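Engineer: Next comes the sequence, and after it the predicted model I'd like to discuss.
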Amino acid sequence: MLRATFARGRITFLRRAVAEQAAYEGLSGRRLEDFVLAVNEVTTNAVLHGGGQGRLRLWSGEGRLWCEVTDQGPGLPPGWMGEARPPAGLEFRGRGLWLTRMLCDHITIVSGPAGTSVTFAAALD
């Protein structure tokens, strides 16, 4: 299990720690790369949109590696779409949660005025 708090400037360190723990837990190859990319996207969202910092928890269970990222920001904006289609437009921003949904086997998003919690998982090799 890995638990960490993070803020701007600590995401690279956190990403390395997650990669090491995920490999130890059994993720490898493309699944490992995809999972670490998803962690990077969700933690970056927490810093940019969720109050500048967050908490990460990583654990294995039920044949999956799980990650939970929480922040204390204002929550997702009204009208936010949790659909499995890419965001509209040509901008590269705003694709983190969509990308996480595409890369992982499971994702749950709970958001409100006290913050957002994103939990996602990848099947272990």
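Structural biologist: Arrived safely, thanks for sending. Numbers count the residues shown, from 1 in each chain.

Engineer: just the helices in this protein please.
Structural biologist: In the chain, the helices defined using DSSP state H lie at 11-25, 29-49, 96-103.

Engineer: Which one of these has the poorest average confidence?
Structural biologist: Looking at these, the lowest mean pLDDT belongs to helix 96-103 (a mean of 90).

Engineer: Buried ones in that helix, by neighbour count?
Structural biologist: Applying a neighbour-count criterion of 16 or more other C-beta atoms under 10 Å, one finds Gly96, Leu97, Trp98, Leu99, Thr100, Arg101, Leu103 buried in helix 96-103. All C-beta atoms are positioned from the backbone trio N, CA, C, and that covers glycine.

Engineer: related to what we said a few turns ago, looking at the helices of the chain, which is nearest to Leu65?
Structural biologist: helix 11-25 (5.1 Å; C-beta to C-beta).

Engineer: and the helices of the chain as TSV, adding distance to Gly63?
Structural biologist: Output for the helices of the chain, formatted as TSV (distance: least, C-beta to C-beta, whole Å):
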stretch	distance to Gly63
helix 11-25	11
helix 29-49	13
helix 96-103	17
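
Engineer: Can you name the residues bridging to Ser111?
Structural biologist: Assessed by DSSP bridges, Ser111 has beta-bridge partners Thr116.

Engineer: Isn't it up against Leu76?
Structural biologist: Yes: with contact defined as C-beta atoms under 8 Å, Ser111 reaches Leu76; the gap is 4.3 Å.

Engineer: quick one: the residue most central in space within the chain from Thr116, how far?
Structural biologist: Note on the chain: the residue nearest the mean C-alpha position is Val42, at 3.3 Å, using C-alpha atoms, centre = their mean. Separation of Val42 from Thr116 (C-beta to C-beta, to the nearest Å): 9 Å.

Engineer: same deal with Asn45?
Structural biologist: 8 Å.

Engineer: Then Arg30?
Structural biologist: 27 Å.

Engineer: ok, back up a step: can you give me the distance of the residue lying closest to the residue nearest to the centre of the chain once chain neighbours are set aside to Ser28?
Structural biologist: Leaving out its chain neighbours, the residue that sits closest to Val42 by C-beta to C-beta, 6 or more residues apart in numbering is Val69, at 4.5 Å. Relative to Ser28, Val69 is positioned 22 Å away (criterion: C-beta to C-beta).
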